[in-house]
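Below are the sequence and a predicted model for it; my questions follow.
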Amino acid sequence: MNHDSSIEKLKGWLRAEIATLVPGQRLPSTRWLAQTHHLSPLTVSQALADLRREGLVLSRPGSGTFVAQTPRRREEPADHSWQTVALAGRSIDTDGLSPLAHPPHAEGVVPMATGYLHSSLMPLTALQSAMSRVARLPDAWERPPSAGLHGLRSWFAHSLGPEIDARDVLVTSGGQSALSAAFRALLPPGAPLLVESPTYPGALAAARAAGIRPIPVPTDRDGVIPELLAEAFARTGSQAFYCQPTHHNPTGTTLAGDRRQTLLDIAENADAFVIEDGCARWLSHTDDPPPPLLAMDRRGRVIHITSLTKVSSPSLRVGAIIARGPVAQRLHAIRAVDDLFVPRFTQEIALELVSRPAWDRHLRQLRRSLGQRAALLARALDRHLPAVDFSPPAGGVHTWLRLPSHLEDAEAAIAARHGGVVVMAGRPFFPAEAPGPHLRLTFSAAATEAELETGARLLAAAVPELAQP
């Protein structure tokens, strides 16, 4: 008999038995169930464990398994209408993060929206080995230093360049919390924050949640346009500019070399900070990415944010902020208020992961795999969607499509979902009015490279206008 079907049959019998009993009444023993139903004790234990997770039974060591207390059902739903008045004017917009709420690998749907790696691209063996080694450390559950483990801070510093000091590194719970902390450290509620347009929706959500106003600065295929950045600083008096100079999300562009020093000079003239989001630097498809803006900065204007999450696993929430001068002290204070510190166990796993030779092998393999996926998706788009305009990215996990101007990207994304492929509409990536309709297609979450071809074909079938030259 199939092992899974044996468990399901026993669970069905137990549910029927539970329906005849009262809460607190004892169920038959594991030995009796195994003998009566001709099953192994392990099969019985697994069936009971499933019912415990469902809340139907509870176990008391040494006493047995008992019917759980049935929650009392409310006659009427509670009235929470008073909260509408109490919370007025304090809504938090997370529309741009909506793909995170959907299962990335729903049955029969090609996932091309969420920006995380499919499990086949994750360093699972290395992660499991790191976790096993950390579990044996005698101090794995001790409180870590508030700024982070020294070894991990040193590794982050070394990964960004020899001139970076480990004392300037603050370990964070991933990149998103680092963004939120950086925005609140630099700007008060109501202040303007210059951002590239388009940009990462998570940054827009973090800024707006803090009461900060994102102000768009246009970009082209070489990154932010310097003249417009200087004009935006002059017009708004902003004290900070948020950017992704390497493998930008969603466009995939990398800021041109001749614009990098110009950007820093503009910030110097405006007496402003540059918040550099470097979370995609590890996702280069070919050669190593250019040095971060942080490495070019000698005045403490650049606050650099990085993370291991995108390049390893969505559940390894470990990142870092690198900042110098008084602003670093403010960031430490905000971190202490938010969550005190990142759990030592998680930091130890991250340090074990990146300190082993398997990490470099993972990065090389990931670089090849992402490059192959980007090229395959580009060929598929050329075949199936000749009406879209795009540039194949040299890094990152996204391809940015410009649609014909008469289409609505939100409607196209809905049609695509109904057609079996999940993509992101372009509108949430713009802090103000969008200059045209766009879609972002992610090539890292699909189970196989062949699935990307399927996704392009399904998108063409769902939005026929895109298949017409």
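Received it, and whenever you're ready, just let me know what you need. Numbers count the residues shown, from 1 in each chain.

rest of the way, CA atoms for contacts and neighbours
OK.

helices and strands around the helix ranked longest in the chain, which ones?
When the chain is parsed with DSSP state H, its longest helix is helix 357-384. Helix 357-384 sits against helix 449-462, with contacts defined as 3 or more CA pairs under 8 Å, 6 or more residues apart in numbering; DSSP states H and E.

which residue packs closest to P111, ignoring adjacent ones?
The shortest distance from P111 to any non-neighbouring residue, by CA to CA, 6 or more residues apart in numbering, is to V422 (5.2 Å).

wait, what's in contact with the one you found?
Shown in contact with V422 (CA atoms under 8 Å, 6 or more residues apart in numbering): V109, V110, P111, M112, A113, A413, A416.

if we can go back for a sec, quick one: buried residues of the longest helix of the chain?
By neighbour count on 16 or more other CA atoms under 10 Å, the buried set for helix 357-384 is 359, 362-364, 366-367, 369-371, 373-374, 376-378, 380-382, 384.

Now do stretch 362-375: everything it contacts.
Residues contacting stretch 362-375 (CA under 8 Å, 6+ apart): 121, 123, 282-286, 392-397, 399, 443-444, 449, 452.

Tell me how many other residues crowd the residue lying closest to I7 once chain neighbours are set aside.
Sequence neighbours aside, A47 is the residue nearest to I7 in space, at 5.4 Å (criterion: CA to CA, 6+ apart). A47 sits with 20 neighbouring residues when counted by other CA atoms under 10 Å.

dump the residue contacts of A47.
Contacts for A47 (CA under 8 Å, 6+ apart) come out as I7, E8, L10, K11.

Can you say which of those are buried?
Looking at those with 16+ other CA under 10 Å, the buried ones turn out to be I7, L10, K11.

which one of the residues you listed sits closest to G278?
I7 (47.8 Å; CA to CA).

so what's that closest one up against?
I7 is in contact with T43, V44, Q46, A47, counting by CA under 8 Å, 6+ apart.

Surely the last one is in a helix?
Yes - the assignment for A47 is a helix, going by DSSP: H, G, I helix; E, B strand; the rest coil.

thinking again about what came up before, okay, the contacts of I7 in a markdown table with pLDDT and distance to L458 next?
Below are these laid out as a markdown table (pLDDT from 0 to 100; distance: CA to CA, whole Å):
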| residue | pLDDT | distance to L458 |
| --- | --- | --- |
| T43 | 87 | 42 |
| V44 | 89 | 44 |
| Q46 | 87 | 40 |
| A47 | 89 | 40 |
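
Pick out the most distant pair among the residues you listed.
By the measure CA to CA, T43 and A47 form the most distant pair in the contacts of I7, at 6.3 Å.

still on that earlier bit, next step: the contacts of V422 restricted to strands.
Among these, DSSP state E puts V110, P111 in strands.

S6: what's it in contact with?
L39, T43.

And the contacts of stretch 264-277?
182, 226, 229-230, 233-234, 237-245, 293-294, 297, 301-306.
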